[in-house]
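Student: Just a sequence and a predicted model for now, questions to come.
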Amino acid sequence: MLKKRLIPCLFLMNGLLVRSEKFEFHQILGNPINQVERYNEWAIDELIYIDISRENYYDLRRDDMKIKSENNLLNIISEISKKCFVPLTFGGGIRTIEDIRNRIRYGADKVTINTIAIENPEFIKESSKIFGSQCIVVSIDVKKNKNGKYEVYKRFGQIPTGMHPVYWAKKVEELGAGEIFLNSIERDGTGEGYDIELIKMVSEAINIPLIVCGGVGKFEDFISGIKTGKASAVAAGNIFNFT
């Protein structure tokens, strides 16, 4: 049996670390590279960075790294990987096989994909064949729709897909993904605890590892995610950013 993992998840917007709340409110926290040194001192198992920038503009507010171009994201990955001593997953903005190749080339061990996986499910199969399933993590963003039913959303959690998370999770596994990163949009940044109902229904439906995120407000929430939700790994952002 694989050990349960504890994973800080950091969100980047235009090169800066931000606090996210319900995928809508974003508070700037600072330089994403400096945070890595802090996490290296803790007993974390992995580190996840997700770029949620809406445009290709990256500015770390440092004169030596103020390069306003698409390629600067790769420079950020490179700088983070030099300081990171645990497996590093990087997601956001991936649209092509070359995007994955570049992120790995610059230091990522794994990548998360979301919208491209929904819009072109065969991309999961193709990327898993090229890089190995252990490298491909499919991110699934979920919230309840107007009918009170769980639904998968894409494009920064803004566009409904009509898919139930259990259906999509099973499909993702079938297509060759190595892991699933399940995020509750409604719990994101609230500190109200994980959506255990959501986590449990997905974890019981799949055989690949499930990483869960969204809602951690106290350290006991991690225990609930593993013991009650049956998650393989528990992730969070804000509790690590402010602790």
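Tutor: Nice, thanks for sending it over.
Student: which stretches of this structure have low pLDDT?
Tutor: Counting by pLDDT under 70, the chain shows low-confidence ranges at 1-2, 22-27, 29, 54-71, 242-243.
Student: now the helices for it?
Tutor: Using DSSP state H, the helices of the chain run over 34-40, 72-83, 97-105, 115-119, 122-131, 165-174, 196-203, 220-227, 238-241.
Student: helices and strands around the third one, which ones?
Tutor: With contacts defined as 3 or more CB pairs under 8 Å, 6 or more residues apart in numbering; DSSP states H and E, the secondary structure elements packing on helix 97-105 are helix 72-83, strand 110-113, helix 122-131. The way it works is simple: take the backbone N, C-alpha and C, and place the C-beta from them, glycine included.
Student: got the angle between that helix and helix 122-131?
Tutor: With axes from the mean of the first three to the mean of the last three CA atoms, to 10 degrees as the basis, helix 97-105 and helix 122-131 are set at 40 degrees to each other.
Student: Show me the beta-bridge partners of the residue positioned nearest the centre of the chain.
Tutor: Closest to where the C-alpha atoms of the chain average out (CA atoms, centre = their mean) is Ile50, at 5.4 Å. Counting by DSSP bridges, Ile50 is bridged to Phe11, Gly91.
Student: Relative to Ile140, which of the helices and strands packed on helix 97-105 is closest?
Tutor: Closest to Ile140 of these, according to CB to CB: strand 110-113, at 9.9 Å.
Student: can you list contacts of that closest one?
Tutor: Strand 110-113 has contacts (CB atoms under 8 Å, 6 or more residues apart in numbering) with 48, 50, 87-92, 94, 100, 103-104, 123-124, 127, 134-139, 178-179, 181.
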